[in-house]
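>>> Whatever this is, show me its structure:
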Amino acid sequence: MITKEQIAADYQVIQDEICHALENLDGKAKFEEERWERDGGGGGRTRVIQNGNLFEKGGVNFSAVHGQLPDSLKKDLKVEQDDFFATGVSIVIHPNHPMVPIIHMNIRYFEMPSSFAPGQQPVRWFGGGIDVTPHYIIDDDARFFHGYLKSVCDRFNSEFYSRFKLWADDYFFIKHRDETRGIGGIFYDQLTETGNLSWNEVFEFSKAVGRSFIPIYSELVNRNRNKSFTDEQQQWQYQRRSRYAEFNLVYDAGTKFGLETNGRIESILMSLPPTAKWLYNFQPEPGSEEEKTLSLLKKGINWV
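Residues are numbered from 1 along each chain as shown. The predicted structure follows:
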């Protein structure tokens, strides 16, 4: 059986690979690493990149934490045991260029060690996903992004992409704005072995999602990084960032889990943008690219 130690070790390798590739992509900024320990058990490696040629702020974080679940999370997760172990890699990148999208990715594993007693059904699962939040939605980029994700999913199960794409549409939805956070992607939770998928294959799928990040984001960055932009387009970028912040503070399950399990605040909130703006009742010009973007922040758009 794959152990939690092996899963955590492989996730750290993926963190290393992504950080190295992002530094090369930016060409200037380097990640700063801070190792931390959690009161109650475990810790992690927070890595932040700032003020680069392209990346204004970003984080590629690894954590492996354990301890006792608070009652509120036991209720949410519908479990009886108190002990838990959770490990994962979480990424958010905020570029300084309005034509380059915000990107988020998370791969994670959760288990309750006490459930592994003889005769019990072990409580363990994988979760994760990847989604893109363009400041301006570019149709060709959206089709590339979703097409790549579908190819990753199809290697493991022909139903994964349609299932997890729908899940992402529902999850990354800002209810109080009646709009999606971006163009979605895939999202899944509590994924475990089935009759058609072994535990090892579920783990391999988790790693494949993690390793899709660099080819996807490198392509999206290089398609757009040399485009010119105006001050007005940058102001629009700051407005779209405000919606990203609203989602993460109001709805994001990872933020809630981190706060309720006494995680490291700086690491949990590294997903927030360095600059965002809330303009009162802003209305885009009819026929503008801003209006087009708003019209595409909807569930159920078929990009492939």
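>>> mind listing what's buried in stretch 14-25?
14-15, 18-19, 22-23, 25 (16 or more other Cβ atoms under 10 Å). C-betas here are computed from N, CA, C, even on glycine.
>>> In helices, which of those residues appear?
14-15, 18-19, 22-23, 25 (DSSP state H).
>>> Which member of the residues you listed is positioned nearest Phe31?
Cys19 (5.0 Å; Cβ to Cβ).
>>> shouldn't that closest one be in contact with Glu32?
No - proximity of Cys19 to Glu32 does not meet the contact threshold set by Cβ atoms under 8 Å, at 10.5 Å.
>>> Next, find the distance separating the closest residue in space to Ala29 that isn't next to it in sequence from Gly27.
Setting aside the residues directly before and after it, Ala29 is nearest to Gly52 in space (Cβ to Cβ, 6 or more residues apart in numbering), at 3.0 Å. Gly52 is 8 Å from Gly27, where distance means Cβ to Cβ, to the nearest Å.
>>> ok, now Tyr136?
Taking Cβ to Cβ as the measure, Tyr136 falls 23 Å from Gly27.
>>> same deal with Gly185?
Following Cβ to Cβ, the distance that separates Gly185 from Gly27 is 26 Å.
>>> between those two, which one's more packed in?
Shown here are Gly185 and Gly27; by other Cβ atoms under 10 Å, Gly185 has more neighbours (29 against 10).
>>> how about the closest residue to that one other than its chain neighbours, secondary structure?
Nearest residue to Gly185, sequence neighbours excluded (Cβ to Cβ, 6+ apart): Asp131, at 3.5 Å. Classification of Asp131 using DSSP: H, G, I helix; E, B strand; the rest coil returns strand.
>>> Let me see the contact set for Asp131.
By Cβ atoms under 8 Å, 6 or more residues apart in numbering, the residues touching Asp131 are 103-105, 168, 172, 181-187.
>>> now do Lys74
80-82.
>>> at 6 Å instead, please
Residues near Lys74 by Cβ atoms under 6 Å, 6 or more residues apart in numbering: none.
>>> Helix, strand or coil: sort out it for me.
Per three-state DSSP, Lys74 ends up helix.
>>> what's stretch 293-304 in contact with?
With Cβ under 6 Å, 6+ apart as the test, stretch 293-304 has contacts from 136-137, 142-143, 146-147, 150, 169, 179-180.
>>> try 8 Å this time
With Cβ under 8 Å, 6+ apart as the test, stretch 293-304 has contacts from 134-137, 142-143, 145-147, 150, 161, 169-170, 173, 179-184, 240, 284.
>>> swap in stretch 268-286?
So stretch 268-286 is in contact with 46, 48, 50, 56-57, 59, 61, 90, 92, 94, 102, 104, 235, 238-239, 241-242, 244-245, 248-249, 252, 254-255, 258-259, 290-291, 294, going by Cβ under 8 Å, 6+ apart.
>>> What are the boundaries of the strands in the chain?
32-37, 42-50, 55-68, 83-95, 102-112, 123-133, 173-174, 179-180, 185-191 (DSSP state E).
>>> Now render those as CSV, adding mean pLDDT and distance to Phe156.
Shown next, in CSV, are these (pLDDT from 0 to 100; distance: least, Cβ to Cβ, whole Å):
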stretch, mean pLDDT, distance to Phe156
strand 32-37, 94, 32
strand 42-50, 95, 27
strand 55-68, 95, 23
strand 83-95, 95, 19
strand 102-112, 96, 14
strand 123-133, 96, 12
strand 173-174, 96, 26
strand 179-180, 97, 25
strand 185-191, 96, 10
